[in-house]
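1. Give me coordinates for this.
(one chain, ligands or ions: 1)
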Amino acid sequence: MTAAVAVPFPVKAAEADGPFKLPDLPYSYDALEPYIDTQTMKLHHDGHHAAYVAKLNEAVNKYPELKTKTVEELLMNLDKLPQDIREAVRNNGGGHYNHSLFWNFMGKNKAKAPTGKLRSDIDKTFGSFEDFKKAFKEAALNRFGSGWAWLIKDKDGALKIVSTPNQDSPIMEGITPILGLDVWEHAYYLKYQNKRGDYIDAWWNVVNWDDISKNYK
Ligand SMILES: [Fe+2]
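-> Numbers count the residues shown, from 1 in each chain. Prediction:
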């Protein structure tokens, strides 16, 4: 366990009142050391994720009828939203949804590989867990600029690796991701600089396969 690191710059994003709240991290900022560093976790959660929540609130506050919608409902129905907030909801609602999942996709001292039905479906689909990791890394590396790599079950029930740009999310197609990796530079630049591949290799050590395997249906 490393001591809390003083962050030399303010990371707290301004709060905006509204229906959406920044969820607490399900572990301490330093829980994922040394793979994901404390300072990155603080900046990422208190800075970036909080800003998505604030800007999402700002957008829906303009339309009181939207305040009772879940973030999933908003993202699955972007084309029905008022045009002037559609892009803001897409980016910041996507950011809020994706990050809320992402924190729970990680954990401390978790199983190093999937188990049960998820493991057997991964082996069946990709050949082996190692082959799956290779293909997932490839997708994460090939996402140009900012975005995410995902493991999803498509509408035919097949496991698939996909990637999305910016804060777009499989939920926009009604698909809840099984696993996702943030490959925005803000997720790794402080520790790994431009070496996205090193970040991905390290990240496998903190994937919460316990919960991901349990949640898989
Ligand atoms: Fe992020």
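2. buried residues in the longest helix along the chain?
-> Across the chain, the longest stretch assigned as helix under DSSP state H is helix 129-142. Judged by neighbour count using 16 or more other Cβ atoms under 10 Å, the buried positions of helix 129-142 are 132-133, 135-137, 139-140. For every residue, glycine as well, the C-beta is placed using N, CA and C.
3. immediately after it, which helix or strand?
-> Downstream of helix 129-142, the next assigned helix or strand under DSSP states H and E is strand 147-153.
4. Is that following strand in proximity to the ion?
-> No - using Cβ under 5 Å from the ion, strand 147-153 stays clear of the ion, coming no nearer than 8.6 Å.
5. so what strands line up beside that strand?
-> Taking DSSP bridges as the criterion, strand 147-153 forms sheet pairs with strand 159-165 (antiparallel), strand 179-182 (antiparallel).
6. so which of the ones you listed gets nearest Ala113?
-> Among these, strand 179-182 comes nearest to Ala113, with 12.3 Å by Cβ to Cβ.
7. And the contacts of that closest one?
-> Strand 179-182 is contacted by residues 44, 98-99, 101-102, 105, 136, 140, 148-151, 200, 203, 207, 212 when judged by Cβ atoms under 8 Å, 6 or more residues apart in numbering.
8. CA atoms only for stretch 197-207, dumped as CSV, please.
-> Extracted in CSV, the C-alpha atoms of stretch 197-207 (Å, rounded to 0.1, in the frame of the first residue of the first chain):
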residue,chain,number,x,y,z
GLY,A,197,0.5,-0.8,-25.1
ASP,A,198,2.3,-0.8,-21.7
TYR,A,199,-0.8,0.6,-20.0
ILE,A,200,-2.9,-2.2,-21.6
ASP,A,201,-0.5,-4.9,-20.5
ALA,A,202,-0.5,-3.5,-16.9
TRP,A,203,-4.3,-3.1,-16.9
TRP,A,204,-4.9,-6.9,-17.1
ASN,A,205,-3.6,-7.1,-13.6
VAL,A,206,-6.4,-5.1,-12.2
VAL,A,207,-9.4,-6.4,-14.2
